[in-house]
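1. Sequence and predicted model, in that order:
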Amino acid sequence: MKVRKYFETHRVWVILGAVMALVLIIGMVILIPLALRNNNTTTTLTPTLASTGTTVITATPTPGEQTPSPALGVVLGPQPCPTNVASTTYWNEVLATPGTDRSVESVSCANIAGNPTLQALVTVRHRVSGTLDVYVFDKITSAKPTRIFLLSGLIKGDARISYYNTIMTAEVDKNSTLNAGKNSTQWTPDLFREYDLSQGAPTQVAFPGIYPDLTRYQAEQDQSLVSKGQDSWKNDPAQVAQKLVAQFFQWKRQLTATVLSGGGSNDVYATVKVSEPFPTGGSSVAPSVTVTLSRLEGNTHNMWVAIGAADGAGALTSVEARSLVSSPVKLEGKGSAFENTIGMAYILDHLYNSVGRAIVTGLPGVGMGMTAYSMQVSYETSFKGGPQEGIVEVQLTSPIQSGPYSAVMVKVLLNPEPGVAQGPVSCPASIDKPAYWATIIGLDSSKFSVGTLSCANMKGDPTLQAVIPVYHTDGSQMVDVYVYDQITAAHPTQLFKLEGLYRGGAFISGYSTLLTSQVDVNSSVNKDKSGDQLTPDLFREFRWSDGAGIFVQTAFPGIFPDLTRWQAELDQNAVKTGQDAWKNNAAQVAQRMAAQLLKWPATATATLVSGGGAQDVDAVVQVKSPKPGGMAINVTLSRLEGNVSNMWVVIGVQSSTGLLTINLPRQGELLSSPATLMGTGSAFEGVVGQAFVIDHLYTTIGQAKVTGVGNGKTTYTTPIAYTSSFQAGAQEGFVAVYMYSQADGSIATAAMVKVMIGS
């Protein structure tokens, strides 16, 4: 999708003298308030919409509606059409509808293109289907008017020109909760969209309103009723805010609405705090939310529209108001956690229905108190023909109260086309039930129980896959892990099954791979232990292979400070909370690796050779041994999962001069015992050094002398046998070759390659 930014400039009129004052008064009679179309993001729109130019969907992140002066000569709102082009008969001839089942239903004109010339909005009804086609023409008095917009096939459709000279459309979403399952005669137009043609390319835009109306079409209809004396509460910002809270948050106690700013008869903005009394049970938190409102179309005579709600504490920082979002939506912010639960996230559609939801949890290990969160919430809209207006909402909850103690609501455009995300994504609510998966898998409920479902784009396309852990309830403490595809179909497809993980677990990584944990009973940590003394210490990773059509085990590239992605992601969460800050420094990570694995002094000099900056994802650090006869190594590092906000991970080591290398095995290769190492080194009396196979606990499980031919630079081929403690599959580890100092026997330089160690 192409992204562009549009900015509008504001004219500031300086009025000098009585003559100019008179001109201004006359101008104000003509110039009805127009919203600033401060468009920030644009995306190509394809469904059912045709025009002579590119059609885009835009984000409009301005908080509300303002009242700028339009371009010179531009009048706001519908205008009379020139007499010779005002009739439906004329446009029937232009569109060649005679003799077909189509006929022109209405013609209206305005400065739709944002310039002083008039454009015509022409609607055409299909008599058989009842659908509506919406046209906009430019150069309307010429022999051949120019079509600049077409939106076709609107079921029971309607189209109008707004007071902002935008095109507003109405149609039936036949799959919505309002219309699904009904006969077509019972369908109600319930989907409303808005298009701006003033920037050249037709652009779908979002009305800033959240409540009492989600779209401009509905709001302008409402305003006509309010102007006639109906629903007078919409002229009071406190009442609008109070009713919003009552509808969305289900607070049961008496609500209090306090106007914090604006809200007067001459104001176009207002902020209102709505609160409940303190709940019983000893909580010190009185539920409250601050609602931001603006006058419809910046007109002080118009009703109030809520354009946002927030708790004021950064509960949602990643979604820009009126922006176009795609499923899954990335939500980031912070909140107070109770047992690591912050609240609930919802994606609401054009009928305020929840089309996506997820529990909001803090960083692992935080538990209680203020914490950040980052998550991705999937949704599925009923209307597939283009974006619709909706809301992203995060409700902050506590265990004492039945409802949220605060919330944040942001207006958005919901793209019906799903995207591809990295990392866990919320599962569709329709299948997020353990009992459902127990039936799908065919489990005996007396022997097994289904754990918490997790989902992601694990195949690298917009489809979602689900990971289902199954716990044995016979006391064996075994866990089985399943992965299913086509998860919302009547018969989901099983893609993967891994059985018998002792005291195991599974989750989806930030790379959309499957991570598993279990106890390796024969490892150096667990050997000769039992019961609660056993520690889950074996971590494996599986990724989808398009070529093989299956999940295959893969190796995390990291060597240090973590050998597996499971451990690295847990580490990253700790780093985010301020722990182990040294992991954010490439030189310090390289230095500590040399100290732990090579037994070099912690004071060994570490110098950046390349990268390593705040915006870099790669780095090379040279670390030099200070010991007699010591040399230097070049340590290659990368940011965890390519994110510049993440910690540094060592992914390779070789001597700084290239004197010592490992050419085989290659990075991530699966070994079997005996393995063969090949590379280059420098020999003394035929000996290059020592080779090691190191397992998932940094335990040496195999070693061999590395020999060359004669003295000096040489090649080597070394067989090395090893014994893996884990016999049920491969584990992650690395191979290392060390050259030693002739002065004191310390490691002079080294080379390391990450591998998978077969059983």
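-> Nice, I can see it.
2. CA atoms for contacts and neighbours, from now on please.
-> Will do.
3. Next, count neighbours for the residue nearest to residue 113 when sequence neighbours are not counted.
-> Nearest non-adjacent residue to residue 113, counting by CA to CA, 6 or more residues apart in numbering: residue 198, 4.3 Å away. Residue 198: 16 surrounding residues under other CA atoms under 10 Å.
4. need the helices for the stretch 301-450 of the chain, in chain order.
-> 434-441 (DSSP state H, counting those that start in this stretch).
5. what secondary structure does residue 600 sit in?
-> Put simply, residue 600 is coil when judged by DSSP: H, G, I helix; E, B strand; the rest coil.
6. So it is in contact with residue 594, correct?
-> Yes - proximity of residue 600 to residue 594 meets the contact threshold set by CA atoms under 8 Å, at 5.8 Å.
7. Which one of these two is surrounded by more residues?
-> residue 594 (25 against 22).
8. which helices and strands does the helix or strand in which that one is found pack with?
-> Taking DSSP states H and E as the criterion, residue 594 maps to helix 586-597. Under the contact criterion of 3 or more CA pairs under 8 Å, 6 or more residues apart in numbering; DSSP states H and E, helix 586-597 touches strand 605-611, strand 618-624, strand 648-655.
9. Just name the shakiest helix or strand of this protein by mean pLDDT.
-> When the helices and strands of the chain are scored by mean pLDDT, DSSP states H and E, strand 41-44 comes last with a mean of 30.
10. And this structure, split by domain according to the record?
-> 1-205, 222-310, 323-414, 429-554, 557-759 (automatic domain parsing).
11. closest to residue 316 out of these?
-> domain 323-414 (4.4 Å; CA to CA).
12. end-to-end on that closest one?
-> Domain 323-414 has an end-to-end distance of 9 Å (CA to CA, to the nearest Å).
13. same question, stretch 243-262
-> Where stretch 243-262 begins and where it ends lie 18 Å apart, using CA to CA.
14. which residues are contacting it?
-> 211-212, 237-239, 241-242, 268-277, 306, 403-404 (CA atoms under 8 Å, 6 or more residues apart in numbering).
15. again, but for stretch 122-137
-> Contacts for stretch 122-137 (CA under 8 Å, 6+ apart): 91, 101-108, 119-121, 145-159.
16. Please, a PyMOL command that selects the buried ones among these?
-> To isolate the buried members of those in PyMOL, using 16 or more other CA atoms under 10 Å:
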select buried, resi 91+102+103+104+105+106+107+108+119+120+121+145+147+148+149+150+151+152+153+154+155+156+157+158+159
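17. Most tightly packed of the helices and strands packed on helix 586-597?
-> strand 648-655 (a mean of 26; mean count of other CA atoms under 10 Å).
18. show me the contacts for residue 171.
-> 154, 155, 156, 157, 158, 189, 190, 191, 192.
19. what's the answer for residue 336, then?
-> By CA under 8 Å, 6+ apart, the residues touching residue 336 are 342, 368, 369, 370, 371, 396.
20. thought the second one was touching residue 340?
-> This means residue 368. Yes - using CA under 8 Å, residue 368 makes contact with residue 340 at a distance of 5.9 Å.
21. Strands of the stretch 101-250 of the chain, start to end?
-> Applying DSSP state E, counting those that start in this stretch to the stretch 101-250 of the chain gives strands spanning 102-110, 119-126, 132-138, 146-154, 158-161, 167-171, 191-196, 203-204.
22. Let me have those strands in JSON lines, extended by distance to residue 220 and mean pLDDT.
-> Formatted as JSON lines, the strands of the stretch 101-250 of the chain follow (distance: least, CA to CA, whole Å; pLDDT from 0 to 100):
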{"stretch": "strand 102-110", "distance to residue 220": "17", "mean pLDDT": "97"}
{"stretch": "strand 119-126", "distance to residue 220": "18", "mean pLDDT": "97"}
{"stretch": "strand 132-138", "distance to residue 220": "19", "mean pLDDT": "97"}
{"stretch": "strand 146-154", "distance to residue 220": "20", "mean pLDDT": "96"}
{"stretch": "strand 158-161", "distance to residue 220": "10", "mean pLDDT": "97"}
{"stretch": "strand 167-171", "distance to residue 220": "10", "mean pLDDT": "97"}
{"stretch": "strand 191-196", "distance to residue 220": "12", "mean pLDDT": "97"}
{"stretch": "strand 203-204", "distance to residue 220": "18", "mean pLDDT": "94"}
